[in-house]
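Peer 1: return a 3D structure for these sequence lines:
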Amino acid sequence: MSTLNFISLFFILFLTFQTPPVLSWKKDEFRNCNQTPFCKRARSRQPAFSSLTAHQVTISDGDLTARLIPKNQTDGQIKPLILSLSIYQDGIARLKIDEDPTLNPPKKRFEVPDVVLPEFESKKLYLQRLSKESIDGDVGPSSVVYLFDSYEAVVRHDPFEVYVRRKGGNSRVLSLNSHGLFDFEQLRVKDEDEDWGERFKGHTDTRPYGPQSISFDVSFYDSDFVYGIPEHATSFALKPTRGPNVEESEPYRLFNLDVFEYIHDSPFGLYGSIPFMLSHGKSGQTSGFFWLNAAEMQIDVLGEGWNAESGILLRSKQKTIDTFWMSEAGIVDTFFFVGPSPKDVVRQYISVTGKPVMPQLFATAYHQCRWNYRDEEDVEQVDSNFDEHDIPYDVLWLDIDHTDGKRYFTWDRVLFPNPEEMQRKLAAKGRHMVTIVDPHIKRDDSYWLHKEATQKGYYVKDATEKDYDGWCWPGSSSYLDMVNPEIRSWWGDKFSYENYAGSTPSLYIWNDMNEPSVFNGPEVTMPRDALHLGSVEHRELHNAYGYYFHMATSDGLVKREHGKDRPFVLSRAFFAGSQRYGAVWTGDNTADWDQLRVSVPMILTLGLTGMTFSGADVGGFFGNPDTELLVRWYQLGAYYPFFRAHAHHDTKRREPWLFGERNTELIRAAIHVRYTLLPYFYTLFREANSTGIPVVRPLWMEFPSDETTFKNDEAFMVGNALLVQGIYTERAKHASVYLPGKESWYDMRTGTAVKGGVTHKLEVSEEYIPAFQRAGTIIPRRDRFRRSSTQMVNDPFTLVVALNSSQAAEGELYVDDGKSFEFLNGAFIHRRFSFSNGQLTSVNVVPTAGKSQFSSDCIIERIILLGYSGGLKGAMIQPANQKTEIERAPLRLQGGHSPAVVTIRKPGVRIADDWTIKFL
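Peer 2: Have a look, this model is predicted:
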């Protein structure tokens with residue numbers, strides 16, 4: 001064959017393998033429950049299937065331990081299982097069930113490493129005793145141990161069940177196996193005549209250890225809705241998937257996949273998986289359940305009456321939501337969180353998996369991305385056009401085509417001959433660059449990274465123990481075994497300036513395709529029988545692969561700066577604990593109104609499960625949005641925690657100035673909203689970093705007893721002070737906005753007070769989406785517009801004080817150097833502002849922290865009072881003993897006409913100081 005013909009054939013084959021990620025979603029490419037044997041088997045089981053009973057229940061090394069033995073062998077149980085129940089501070093119970101290692105199973109089942117914080121184990125409460133209790137009707141006793149304050153954990157012996165209850169009765173919170181659906185398929189040695197292989201779309205999974213799935217029911221009491229278990233493009237309150245009057249549905253799938261142009265309102269699993277579910281109900285109380293398991297999982301939410309014919313007599317008359325959890329492999333390693341408030345549950349989960357990262361300031365601003373900015377000239381033109389049109393931005397992104405033939409850590413030296421100079425030009429304006437680094441390594445013997453990884457044996461192996469070879473953007477590719485800490489450390493070294501030639505301190509990283517995506521693999525991913533460190537099968541850790549890759553990249557950027565500066569890494573795949581390493585986004589969405597709409601419940605769900613630094617591609621990745629949709633997306637996206645516009649290379653260019661002067665003005669105004677609110681967002685990111693409470697949160701997190709909020713996922717709270725309502729339809733003239741609580745809300749644009757506890761039908765304009773400040777809050781702003789957030793660091797602040805019916809309000813401001821880890825050593829300013837009894841005070845939030853290593857001369861240049869009923873005689877500033885005037889001035893300094901509101905101009909007080917302003 002001639003060289004030309006060979007190249008032509010290779011090119012055709014290459015395009016064939018690369019086609020899937022740019023076509024619309026094909027349902028037939030992915031398995032459903034009936035095509036997934038472990039899911040089909042589990043769903044076929046009926047209540048009371050399990051005959052397990054608990055034996056030898058005792059206290060050992062501070063844990064409650066037991067052996068689980070079946071009454072009969074009809075449920076497939078062969079050997080006893082080992083149970084341990086551990087109790088931790090702050091209302092957390094951990095239940096583990098595994099095979100007995102003394103009975104010589106064929107191999108050790110996989111337990112997910114490096115997710116649970118090492119310091120969590122220090123919070124263990126060592127149990128000293130258990131009490132036995134007879135529950136009416138039971139054959140044997142139940143064992144009861146202390147859990148937390150007014151809570152107890154109970155192990156029911158026969159039939160086996162674990163539940164958490166409140167003391168002084170049998171009021172339950174959470175339970176496992178109340179319906180007897182527990183099943184644990186044990187590892188076996190294959191007989192010669194057995195065929196354990198599973199086949200799908202021409203791929204065969206050898207399954208050398210046979211079926212090894214686990215399934216059980218979990219019940220949430222005093223609950224009306226359940227939430228969580230991302231990632232799905234569906235409603236925030238999870239809809240039932242089985243039961244009477246429930247439309248036939250797939251379970252909620254948790255299996256990280258490269259799903260392009262995904263559809264909305266579907267339980268199909270997307271790019272990430274966090275097996276953490278929360279419940280909430282009319283009682284205002286919340287509980288949570290987390291299963292630490294990285295294998296494929298399927299979860300049913302069971303509709304009311306699903307078990308009506310089971311004949312099981314349930315002990316509790318409480319309102320209950322039942323769920324059914326199924327996993328292909330792993331062990332039972334579950335956590336019960338008692339709450340009782342929504343924020344308590346989030347804090348409890350974060351204490352196990354880690355606090356969200358504290359981002360650099362620039363990362364909380366606006367990002368401009370496209371697949372791909374063509375070359376250095378294109379980058380320079382885009383950058384200068386932002387300045388020409390007076391639109392701030394902080395980060396410009398480069399996709400895969402900036403590399404030399406899809407070899408990561410390289411540059412196409414024809415298109416990007418001077419990458420360092422290009423980055424320095426951006427940095428001179430306070431801007432940054434992000435480049436993409438994916439997990440697939442081009443199999444090219446001349447590529448230094450592939451050569452080194454091959455020599456060291458660092459690739460994932462196939463079932464025959466050869467380096468796994470799959471297809472992705474570079475063509476033939478191999479994948480690093482990131483579960484291995486040694487390989488993660490080696491990978492981290494590749495981000496040094498020496499190894500990543502052309503990189504500078506203003507360059508950060510984007511991890512895409514890390515589910516992992518394999519174009520010619522089963523379901524566009526890695527075969528389940530591929531092998532990792534210690535002969536662990538890929539099926540056992542699949543959902544955590546992207547997590548380990550994200551971790552290694554983030555640690556690499558920390559290494560690059562010798563531990564001084566915070567990293568920024570965006571990842572598409574994620575797992576429990578990913579919040580410690582950076583941001584995520586909702587993947588390859590589409591430019592349509594339904595996708596704009598579903599972005600809100602997706603981001604709310606991510607925030608509730610730890611991943612608060614998240615966003616959706618503004619404008620939609622695929623397709624060409626009309627100008628109205630694009631403008632509405634910018635208006636909504638300005639409130640996403642992660643605010644980035646992105647587009648596919650087949651779409652028309654859509655930088656903000658390409659849609660006519662009027663639309664440029666509207667998009668500029670939306671981006672300005674974000675930059676004005678950056679002090680508030682940064683303060684909220686610090687709250688998330690300290691407590692896990694998400695930046696963007698559901699209404700019911702702030703109003704837990706307000707039933708109207710429980711299913712509302714068209715509106716959301718930004719912190720505790722802002723309520724935002726998106727516009728999700730074309731040519732909308734009105735919007736229905738529910739404002740919870742008894743206090744008023746203030747329109748962000750006009751300062752007008754609007755009654756709380758009511759649904760309002762509001763006129764809407766093309767200029768904005770409805771947004772309201774909650775009475776009783778204080779929001780810090782910066783009103784001067786610069787080219788980037790970095791150029792705003794010395795600008796003065798505005799405080800917007802929204803008074804409640806008691807003429808009181810409070811809020812916070814957090815400031816640090818916006819870049820380094822020095823805030824962990826006390827180098828920050830954290831102020832609490834309080835208005836009451838006619839005076840506004842500023843005090844240090846952490847008075848015991850000692851002298852701060854961070855100082856600022858920034859001042860408050862304006863104080864705006866909304867709902868102020870006092871006189872306008874002036875104010876006295878203490879301790880300066882200085883009198884200042886009160887006047888009516890514009891609510892907004894820029895952006896056209898603005899109503900006049902009560903304002904103190906130039907009080908001149910420093911953000912770092914204690915002060916009081918008394919209104920005369």
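Peer 1: and L187, that one's in a helix?
Peer 2: No - L187: not assigned to a helix; according to DSSP: H, G, I helix; E, B strand; the rest coil it is coil.
Peer 1: tell me the SS of S765?
Peer 2: Classification of S765 using three-state DSSP returns coil.
Peer 1: run a quick neighbour tally on the closest residue to G818 other than its chain neighbours.
Peer 2: Counting by C-beta to C-beta, 6 or more residues apart in numbering, the nearest residue to G818 once its immediate chain neighbours are dropped is L361, at 3.3 Å. C-betas here are computed from N, CA, C, even on glycine. Summarising burial for L361: neighbours were counted as other C-beta atoms under 10 Å, giving 24.
Peer 1: what distance do you get for L361 to A295?
Peer 2: As defined by C-beta to C-beta, to the nearest Å, L361 lies at a distance of 38 Å from A295.
Peer 1: please enumerate the helices of this protein.
Peer 2: Remark: helices assigned in the chain by DSSP state H are 3-18, 37-44, 342-353, 376-388, 419-427, 448-456, 485-493, 538-541, 545-560, 593-608, 627-637, 661-676, 678-691, 699-702.
Peer 1: elements contacting the fourth one?
Peer 2: To tie it back to what came earlier, the one meant is helix 376-388. Counting contacts by 3 or more C-beta pairs under 8 Å, 6 or more residues apart in numbering; DSSP states H and E, helix 376-388 packs against strand 395-398, helix 419-427.
Peer 1: how about TSV for the ones you listed, with distance to W585 added?
Peer 2: Output for these, formatted as TSV (distance: least, C-beta to C-beta, whole Å):
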stretch	distance to W585
strand 395-398	11
helix 419-427	22
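Peer 1: tell me which of the ones you listed approaches S898 most closely.
Peer 2: Closest to S898 of the helices and strands packed on helix 376-388 is strand 395-398 (C-beta to C-beta; 29.6 Å).
Peer 1: what lies in contact with the closest one?
Peer 2: Under the criterion C-beta atoms under 8 Å, 6 or more residues apart in numbering, residues 362-363, 365-370, 372-373, 379, 382-383, 426, 431-436, 508, 510, 644, 646 lie in contact with strand 395-398.
Peer 1: mind listing what's buried in stretch 233-245?
Peer 2: For stretch 233-245, a neighbour-count test (16 or more other C-beta atoms under 10 Å) marks 233-243 as buried.
Peer 1: stretch 110-122 too?
Peer 2: Result for stretch 110-122 [16+ other C-beta under 10 Å]: buried residues 110-112, 115-117, 120.
Peer 1: stretch 426-440 now?
Peer 2: For stretch 426-440, a neighbour-count test (16+ other C-beta under 10 Å) marks 426-427, 429-440 as buried.
Peer 1: one more: stretch 794-810?
Peer 2: Within stretch 794-810, the residues scored as buried using 16+ other C-beta under 10 Å are 795-804, 807, 809-810.
Peer 1: does T323 touch M277 like I think?
Peer 2: Yes - using C-beta atoms under 8 Å, T323 makes contact with M277 at a distance of 6.7 Å.
Peer 1: shared neighbours, those two?
Peer 2: Contacts common to T323 and M277, judged by C-beta under 8 Å, 6+ apart, are 218, 220, 226, 299.
Peer 1: ranking by neighbours, what's the top pick from these?
Peer 2: F220 (27 neighbours).
Peer 1: quick one on the thing from earlier: so which of the shared contacts of T323 and M277 is the closest to Y640?
Peer 2: The nearest member of the shared contacts of T323 and M277 to Y640, counting by C-beta to C-beta, is V226 at 24.1 Å.
Peer 1: tell me what the closest one is bridged to.
Peer 2: Judged by DSSP bridges, the bridge partners of V226 are S279.
Peer 1: distance check, P698 against H648.
Peer 2: Taking C-beta to C-beta as the measure, P698 falls 31 Å from H648.
Peer 1: cool, and N293?
Peer 2: N293 is 34 Å from H648, where distance means C-beta to C-beta.
Peer 1: residue ranges with poor pLDDT in the stretch 601-750 of the chain?
Peer 2: Within the stretch 601-750 of the chain, no range satisfies pLDDT under 70.
Peer 1: mind listing what T65 touches?
Peer 2: Here T65 is in contact with 56-59, 82-85 (C-beta under 8 Å, 6+ apart).
Peer 1: now those in TSV, with distance to T752, pLDDT and neighbour count?
Peer 2: As requested, these are exported to TSV (distance: C-beta to C-beta, whole Å; pLDDT from 0 to 100; neighbours: other C-beta atoms under 10 Å):
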residue	distance to T752	pLDDT	neighbour count
Q56	68	97	12
V57	63	97	19
T58	66	97	10
I59	62	98	16
I82	63	98	17
L83	59	98	24
S84	58	98	16
L85	55	98	25
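Peer 1: can you name the two of those residues that sit furthest apart?
Peer 2: Of all pairs in the contacts of T65, the most separated under C-beta to C-beta is I59 and I82 at 14.8 Å.
Peer 1: ok so, going back, list just the nearest of the buried residues of stretch 426-440 to D565.
Peer 2: H432 (11.7 Å).
Peer 1: which strand residues bridge the closest one?
Peer 2: Residues in beta-bridge contact with H432 (DSSP bridges): V395.
Peer 1: quick one: contacts for it?
Peer 2: With C-beta under 8 Å, 6+ apart, H432 has these contacts: 362, 394-396, 426, 506-508, 568.
Peer 1: of the residues you listed, which is the most crowded?
Peer 2: That'd be D394 among these, by other C-beta under 10 Å, with 26 neighbours.
Peer 1: re the thing from before, got the contacts of T65 as a markdown table, with distance to I400 columns?
Peer 2: Listed next are these as a markdown table, based on distance: C-beta to C-beta, whole Å:
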| residue | distance to I400 |
| --- | --- |
| Q56 | 57 |
| V57 | 56 |
| T58 | 57 |
| I59 | 56 |
| I82 | 47 |
| L83 | 48 |
| S84 | 46 |
| L85 | 48 |
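Peer 1: of all these, which comes closest to E537?
Peer 2: I82 (21.8 Å).
Peer 1: and that closest one, how far from V846?
Peer 2: I82 is 45 Å from V846, by C-beta to C-beta.
Peer 1: hmm, back to that, in strands, which of the buried residues of stretch 794-810 fall?
Peer 2: Among the buried residues of stretch 794-810, the ones falling in strands (DSSP state E) are 797-802, 809-810.
Peer 1: include pLDDT and distance to V618 when you put the residues you listed into JSON lines, please.
Peer 2: Shown next, in JSON lines, are these (pLDDT from 0 to 100; distance: C-beta to C-beta, whole Å):
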{"residue": "F797", "pLDDT": "98", "distance to V618": "27"}
{"residue": "T798", "pLDDT": "97", "distance to V618": "26"}
{"residue": "L799", "pLDDT": "98", "distance to V618": "29"}
{"residue": "V800", "pLDDT": "98", "distance to V618": "26"}
{"residue": "V801", "pLDDT": "98", "distance to V618": "31"}
{"residue": "A802", "pLDDT": "98", "distance to V618": "28"}
{"residue": "A809", "pLDDT": "98", "distance to V618": "32"}
{"residue": "E810", "pLDDT": "98", "distance to V618": "33"}
